[in-house]
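Novice: sequence? don't have it. structure:
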């Protein structure tokens with residue numbers, strides 16, 4: 001009987017850990033997305049029993065996120081926005097729900113100012129999410145998770 005209780009407790013913890021793993025559901029890893037097109041977006045937040053999610057930011061980086069040190073040209077890419085998923089008790093009624101779709105920017109055309117666009121074909125980019133969250137373990141500030149999927153940008157088959 002004690003063995004069954006131990007196994008049940010282990011399975012409960014294992015399932016809770018799996019449910020609390022942040023992941024980008026859509027677009028799937030390796031999806032082709034061309035400039036100016038919309039694509040489905042869905043994110044599995046880290047929020048679960050024992051973990052509260054607050055906000056997450058969505059970025060498209062042209063190179064993979066690696067070290068985090070001060071650098072004037074740290075990364076290139078695009079900022080999609082800051083969103084939140086409803087979760088109790090951390091953020092039960094967020095005002096910044098994520099959209100169901102995002103629009104891929106056209107990097108050949110940058111916005112106003114000194115920026116100049118550049119054409120790129122058959123590139124691998126990184127749809128990246130940084131999520132602010134908290135657990136029952138004390139921390140100075142929010143904890144931050146990082147996940148990303150590879151996106152194939154401007155691919156011609």
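Specialist: The structure has been received and is ready for your questions. As the structure is a computational prediction, the values presented were derived from the model and not from experiment. Numbering: from 1, shown residues only.
Novice: contacts for stretch 125-134?
Specialist: Defining contact as CB atoms under 8 Å, 6 or more residues apart in numbering, one finds that stretch 125-134 is touched by 22, 24, 27, 43, 45-47, 51-65, 77, 90, 142-153. Heads up, the C-betas are built off the backbone N, CA and C, glycines and all.
Novice: run the last query once more with 6 Å
Specialist: With contact meaning CB atoms under 6 Å, 6 or more residues apart in numbering, stretch 125-134 is reached by 22, 46, 51-62, 64-65, 142-149, 151, 153.
Novice: Quick check: the residue nearest the centre of the chain vs residue 155, distance?
Specialist: By CA atoms, centre = their mean, the chain has its centre lying nearest to residue 129, at 2.2 Å. Distance from residue 129 to residue 155, counting by CB to CB, to the nearest Å: 22 Å.
Novice: Can you give me the neighbour number for the nearest residue to residue 84 once chain neighbours are set aside?
Specialist: Nearest residue to residue 84, sequence neighbours excluded (CB to CB, 6 or more residues apart in numbering): residue 94, at 3.5 Å. Look at residue 94: counted by other CB atoms under 10 Å, it has 16 neighbours.
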